[in-house]
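*Asks:* Predicted coordinates and the sequence they were generated for:
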Amino acid sequence: MSSIALRNVEKWFGNIQVIKGVDLEIAEGEFVIFVGPSGCGKSTLLRMIAGLEETSRGQIMIGDRDATAEPPSKRGLAMVFQSYALYPHMSVRDNVGFPLKSAGLPAAEIAEKVDEAARVLKLDAYMDRRPKDLSGGQRQRVAIGRSIVRDPTAFLFDEPLSNLDAALRVEMRYEIAKLHQTLKSTMIYVTHDQVEAMTLADRIVVLEGGRIAQVGSPRELYESPANLFVAQFIGSPRMNVLPTRHMTGLTPPDGAVQVGIRPEHARLAEPGAGHIDGRVDVLEYLGADTFVVMDCGDGVQINVRISGDTTLGPGDPMSIICEDGRVHFFDADDQVI
């Protein structure tokens, strides 16, 4: 294991700059997730760390050495891709052991490392099968196993769950979380799914337009977003944001032009008893919870999370109360106040 540091790294494709001076310290054994919308640069940044993309400017440090100019094979990193990239004619055992065989390790050592990876990933029962006989989740575990046997400095994951259905994604999130607890390895993980980021990461790096918008623990980003972009990207459903002039009974700080409130931090009351009135527009029943989309006029909609056993119906007039200490204010530059 080793720490990884990015020092003012930039990436240019011709005249187009896609990574714009990123500074980041990743501690040894830390699980860090790069998250952001499509085109924000998260996969490019991961590929730069791996050495699959050249770094135009800046430094990439692995441990105490400058790895900026090193080829991928010299960096000691293992990358797990979105596609499993397994050899279809090989068994699981041979797929997992292939990197070691290519490196010329003795057969006994290969067998020992492969068996240990199979134990960690619960692949023991599938070692003689071929990839076509496995589920998507099992194939992804084989791809991860192929990385584990190399005993890398760090693991790099590039949207590894995006090809799986919803149930398998949940299962594999658990598997990856347990893997990190077991191996205690440095892991860098790219995803566009903020739920994956919130449930897996020690720290999340939110990227926007090739720059870091904010870095912090899932709780820090959820409770104390630095700007409107982070506030609306982290949290599901997204934070409600509306002009401060629509709210009554709230005193915004100087310079505030917008107010944000998460669906779970708002509650419904009788008309006239809250900060903004409206009518029930749509109810989204999810079992334990119901999300009530309120039409508050002038194009303002507010999503409120309530108990699943509500008797409300479309058209019902209600008022919305924002919880004390749970309201976020933003200035004209979308920065939190």
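*Replies:* On my side now, so go ahead.
*Asks:* In terms of residue numbering, what are the domains of the chain?
*Replies:* With automatic domain parsing serving as the domain definition, the record reports that the chain contains domains spanning 4-233, 245-330.
*Asks:* What average pLDDT does the host helix or strand of Arg139 get?
*Replies:* Taking DSSP states H and E as the criterion, Arg139 maps to helix 136-148. Confidence for helix 136-148, expressed as mean pLDDT, is 89.
*Asks:* got the contact list for that helix?
*Replies:* Taking contacts as CB atoms under 8 Å, 6 or more residues apart in numbering, the residues outside helix 136-148 that touch it are 78-81, 84-86, 92, 95-96, 98-99, 114, 116-118, 120-123, 126, 131, 134, 155, 160-161, 163-165, 168, 171-172, 175-176, 179, 183. Glycine gets a C-beta too; all of them are placed from N, C-alpha and C.
*Asks:* after that helix, next one along is what?
*Replies:* Helices and strands here follow DSSP H and E; after helix 136-148, the next one along the chain is strand 154-158.
*Asks:* Point out where the stretch 101-250 of the chain drops to low pLDDT.
*Replies:* Under the criterion of pLDDT under 70, none of the stretch 101-250 of the chain is flagged as low confidence.
*Asks:* just the helices in it please.
*Replies:* In the stretch 101-250 of the chain, helices defined by DSSP state H, counting those that start in this stretch lie at 107-121, 136-148, 166-183, 194-200, 218-223, 228-233, listed in chain order.
*Asks:* For beta bridges, what are the partners of Val206?
*Replies:* Taking DSSP bridges as the rule, Val206 bridges to Val35, Gln214.
*Asks:* Am I right that it is in contact with Tyr222?
*Replies:* No. In this structure Val206 lies outside contact range of Tyr222 using CB atoms under 8 Å: 11.4 Å.
*Asks:* what residues do those two have in common as contacts?
*Replies:* Counting by CB under 8 Å, 6+ apart, the contacts common to Val206 and Tyr222 are Ile234.
*Asks:* Between the two, point out the one with more neighbours.
*Replies:* A direct count of neighbours by other CB atoms under 10 Å for Val206 and Tyr222 places Val206 higher, at 27 against 18.
*Asks:* contacting residues around the more buried one?
*Replies:* Contacts of Val206 by CB under 8 Å, 6+ apart are Val35, Gly36, Ile212, Ala213, Gln214, Val215, Leu221, Phe229, Val230, Phe233, Ile234.
*Asks:* again with Gln214
*Replies:* By CB under 8 Å, 6+ apart, the contact list for Gln214 reads Val206, Leu221, Pro225, Ala226, Asn227, Val230.
*Asks:* Would you reformat the residues you listed as JSON lines and include distance to Thr55?
*Replies:* Formatted as JSON lines, the entries for the contacts of Gln214 read as follows, by distance: CB to CB, whole Å:
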{"residue": "Val206", "distance to Thr55": "21"}
{"residue": "Leu221", "distance to Thr55": "27"}
{"residue": "Pro225", "distance to Thr55": "29"}
{"residue": "Ala226", "distance to Thr55": "26"}
{"residue": "Asn227", "distance to Thr55": "27"}
{"residue": "Val230", "distance to Thr55": "26"}
